[in-house]
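**Student:** Model the following, please.
(one chain, ligands or ions: 3)
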Amino acid sequence: MATKVKSQQNAEIIADKNSLKIPNHVGIIMDGNGRWAQARGKVRSFGHKAGSDNVDRIVTYAFDEVGVKTLTLYAFSAENWARPQEEVDELMRLLEVYFKKFIKKVISNDVRLFVMGDLSKLSDKLQKIIIDGMEITKNNLSHTLNIAINYGGRQEIVYAVNKLINEGKEITVDSISSALYTAPFGEPDLIIRTGGELRLSNFMLYQGAYSELYFTPVLWPDFDEKEFDNAVIEFSARNRRYGKI
Ligand code: IPE
Ligand code: IPE
Ligand code: MG
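**Tutor:** Numbering: from 1, shown residues only. Ligands and ions are numbered 1, 2, ... in the order given. Got it, this is the predicted structure:
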């Protein structure tokens with residue numbers, strides 16, 4: 001019954017969808033797992049597990065029903081190492097579990113996996129899972145799932161500029177863009193932040209120059225298909241001027 005209600009809702013949304021502008025690339029700052037767990041009297045890792053389960057729901061919906069081409073998900077920031085060790089360990093463990101499951105599923109899904117950030121600080125095991133996942137899916141063209149791990153926007157700009165210097169290239173707005181992790185798929189049209197904070201927390205600082213920003217108090221584990229629709233509907237109503245009139 002629940003499934004039926006849900007699919008009816010989705011059918012209505014799809015019927016409306018033709019009149020909406022759909023963002024090609026959506027970035028999501030998936031925030032609020034800890035508070036979600038605390039509100040239920042549970043430990044923070046319970047919220048991270050619920051948050052990780054929610055990733056599949058939103059990825060599937062955004063790609064298969066909304067028609068988003070690229071999703072960039074902020075999973076672990078360069079600053080998140082400062083959390084208690086056991087929370088960091090749990091987040092790393094959940095990432096491993098997620099990638100293993102993802103890789104099994106993706107073969108038939110035509111989704112390319114990309115992971116951006118300084119991967120050298122991750123365990124050898126996690127690095128291998130990520131590198132294998134990127135290799136196995138590199139010819140999947142329909143969608144790109146880009147996961148930001150040990151990622152910081154400032155660190156990325158420094159990385160890109162150093163790369164250009166080492167290659168003896170000129171530093172320009174375009175050359176920096178082409179040296180960022182996101183060069184293959186470009187800038188997000190829409191950045192969503194769940195969890196109520198009104199900041200970017202070092203997410204896609206260069207690429208986000210002209211992204212539309214959408215903030216919602218909804219905590220990440222509660223951010224469902226309807227919430228995703230709300231963000232797309234608002235995006236669709238925005239007037240992107242890029243400095244023009
Ligand atoms: C987002 O949820 C997940 C990560 C940053 C890894 P939080 O863990 O930041 O949850 P809150 O913001 O403390 O509720
Ligand atoms: C941003 O959330 C990072 C991720 C969602 C991975 P944080 O919870 O780390 O951000 P702050 O500390 O509130 O700025
Ligand atoms: Mg947070």
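
**Student:** Hmm, Thr72 is touching Ala148, no?
**Tutor:** Yes - Thr72 is in contact with Ala148 according to CB atoms under 8 Å; the separation is 6.4 Å. Any C-beta I mention is one placed from the backbone N, CA and C, and that applies to glycine too.

**Student:** joint contacts of these two?
**Tutor:** Met116 (CB atoms under 8 Å, 6 or more residues apart in numbering).

**Student:** Where do the helices of this protein begin and end?
**Tutor:** For the chain, the helices defined by DSSP state H cover 2-17, 33-38, 44-60, 85-106, 124-136, 153-166, 173-179, 225-237.

**Student:** So for ligand 1, which of those sits nearest?
**Tutor:** Of all the helices of the chain, helix 33-38 sits nearest to ligand 1, with 2.9 Å by CB to the nearest ligand atom.

**Student:** what does the closest one contact?
**Tutor:** The contact list for helix 33-38, computed with CB under 8 Å, 6+ apart, reads 43-48, 50-51, 195, 219-222.

**Student:** Now tabulate those in a markdown table and tack on distance to ligand 2, pLDDT and neighbour count.
**Tutor:** A markdown table is the format used below for the contacts of helix 33-38 (distance: CB to the nearest ligand atom, whole Å; pLDDT from 0 to 100; neighbours: other CB atoms under 10 Å):
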| residue | distance to ligand 2 | pLDDT | neighbour count |
| --- | --- | --- | --- |
| Val43 | 16 | 98 | 14 |
| Arg44 | 11 | 98 | 19 |
| Ser45 | 15 | 98 | 18 |
| Phe46 | 16 | 98 | 18 |
| Gly47 | 11 | 98 | 22 |
| His48 | 10 | 98 | 22 |
| Ala50 | 14 | 98 | 18 |
| Gly51 | 9 | 98 | 25 |
| Gly195 | 7 | 99 | 21 |
| Leu219 | 11 | 99 | 23 |
| Trp220 | 8 | 99 | 27 |
| Pro221 | 13 | 98 | 25 |
| Asp222 | 15 | 98 | 16 |
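
**Student:** ok, which of those residues also contact ligand 1?
**Tutor:** Gly195 (CB under 6 Å from any ligand atom).

**Student:** count of neighbours near Lys128?
**Tutor:** 11 (other CB atoms under 10 Å).

**Student:** Do you know the pLDDT at it?
**Tutor:** For Lys128, the pLDDT comes out at 97.

**Student:** give the contact list for the closest residue to ligand 2 within the chain.
**Tutor:** Nearest to ligand 2, among the residues of the chain, is Ser201, at 3.6 Å (CB to the nearest ligand atom). Counting by CB under 8 Å, 6+ apart, Ser201 makes contact with Ile29, Asp31, Tyr74, Ser77, Glu79.

**Student:** Which ones among the residues you listed lie within strands?
**Tutor:** Using DSSP state E, the members of these that fall in strands are Ile29, Tyr74, Ser77.

**Student:** Of those, which ones also sit close to ligand 2?
**Tutor:** Ile29, Tyr74, Ser77.

**Student:** can I assume the first one is in contact with Tyr74?
**Tutor:** It refers to Ile29. Yes - applying CB under 8 Å, one finds Ile29 in contact with Tyr74, separated by 4.7 Å.

**Student:** what do the two both touch?
**Tutor:** Residues touching both Ile29 and Tyr74 (CB under 8 Å, 6+ apart) are Ser201, Phe203.
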